[in-house]
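Colleague: Pasting the sequence and the predicted model now:
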Amino acid sequence: MYKVFVNERPLILTNKLSEISNSKYFLLNENAIQEAIDALKKKKLEEAFIYHPNHEEILKKFTNKIPLVVAGGGVVTNKKGKVLFIYRNDKWDLPKGKLDKGESIEECALREVEEETSVKKLKIENFLKTTYHVFTKNGKYKLKEVHWYAMKTSYKGKLEGQKSEGIEKVKWKGPKKIEKALQNSYVNIRILFGY
């Protein structure tokens with residue numbers, strides 16, 4: 001099973017009919033996928049399912065219809081135990097970005113965090129999870145697959161948001177401020193914090 005978020009609503013790719021029960025489900029073809037995404041985007045459905053009997057094939061077949069964009073990002077903690085957040089598009093988010101040709105996903109995650117926040121001395125501790133969401137680029141749907149890593153840094157310098165990426169603020173946040181930020185964030189970001 002894969003949970004893909006469309007406007008904060010889940011599009012669930014599954015090979016288990018039992019998960020679907022009374023919910024609206026779509027077949028794994030281009031028209032049905034577009035219809036499911038449109039319905040979620042317009043808030044006509046709370047959730048939608050796409051069914052395919054083969055779990056190994058489901059994501060591959062889905063990305064044959066909706067182009068895949070692979071990205072890397074970080075949940076960065078400093079020496080004080082605070083977590084690095086960025087603010088863009090009126091939401092609190094975490095730094096992440098698209099994989100460049102020839103780089104590993106880990107290199108991508110480190111590069112993107114540094115580019116978007118100016119934080120240096122980053123070190124990956126471990127892989128956290130992969131999240132999925134649909135976005136629109138030039139009027140076409142794309143699927144973003146983000147590989148998230150837990151990172152540490154001893155950096156104490158200035159935080160600076162990457163203007164070209166629309167990042168307005170970069171902040172270190174402790175537990176109380178994290179909780180507040182997550183109330184104005186994305187489902188995929190909340191998932192990383194166990195919400």
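Modeller: All right, it came through fine.
Colleague: Just give me how far the helix or strand where Asn64 lies sits from the chain centre.
Modeller: Taking DSSP states H and E as the definition, one finds Asn64 inside helix 55-65. The chain centroid and the centroid of helix 55-65 are separated by 18 Å under Cα atoms, centre = their mean, to the nearest Å.
Colleague: Send over it as CSV, restricted to the C-alpha atoms.
Modeller: Taking C-alpha atoms only, helix 55-65 is exported to CSV below (Å, rounded to 0.1, in the frame of the first residue of the first chain):
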residue,chain,number,x,y,z
HIS,A,55,1.7,-4.8,-5.1
GLU,A,56,5.2,-5.0,-6.8
GLU,A,57,3.8,-3.4,-10.0
ILE,A,58,1.3,-0.8,-8.6
LEU,A,59,3.7,2.1,-8.1
LYS,A,60,5.5,1.4,-11.4
LYS,A,61,2.3,1.3,-13.3
PHE,A,62,1.0,4.5,-11.5
THR,A,63,4.2,6.4,-12.5
ASN,A,64,3.8,5.3,-16.1
LYS,A,65,0.7,7.5,-16.1
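Colleague: Can you name every helix or strand that it contacts?
Modeller: Packing partners of helix 55-65 (3 or more Cβ pairs under 8 Å, 6 or more residues apart in numbering; DSSP states H and E): strand 2-6, strand 9-14, helix 30-41. Where C-beta positions appear, they are placed from N, C-alpha and C, glycine not excepted.
Colleague: Would you reformat the ones you listed as a markdown table and include distance to Tyr87 and mean neighbour count?
Modeller: Formatted as a markdown table, the helices and strands packed on helix 55-65 follow (distance: least, Cβ to Cβ, whole Å; neighbours: other Cβ atoms under 10 Å):
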| stretch | distance to Tyr87 | mean neighbour count |
| --- | --- | --- |
| strand 2-6 | 19 | 20 |
| strand 9-14 | 23 | 20 |
| helix 30-41 | 24 | 17 |
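Colleague: Quick one, which of those gets closest to Gly102.
Modeller: Closest to Gly102 of the helices and strands packed on helix 55-65 is strand 2-6 (Cβ to Cβ; 26.8 Å).
Colleague: Quick one: classify the most far-flung residue of the chain relative to its centre as helix, strand or coil.
Modeller: Residue farthest from the centre of the chain, counting by Cα atoms, centre = their mean, is Asn22 at 27.6 Å. Secondary structure, DSSP: H, G, I helix; E, B strand; the rest coil: Asn22 is coil.
Colleague: same thing with Tyr132?
Modeller: Going by three-state DSSP: Tyr132 is strand.
Colleague: Bridged to the nearest residue in space to it that is not next to it in sequence, which residues?
Modeller: Spatial nearest neighbour of Tyr132, excluding adjacent residues (Cβ to Cβ, 6 or more residues apart in numbering): Val4 at 4.2 Å. Note on Val4: beta-bridge partners by DSSP bridges are Leu11, Tyr132.
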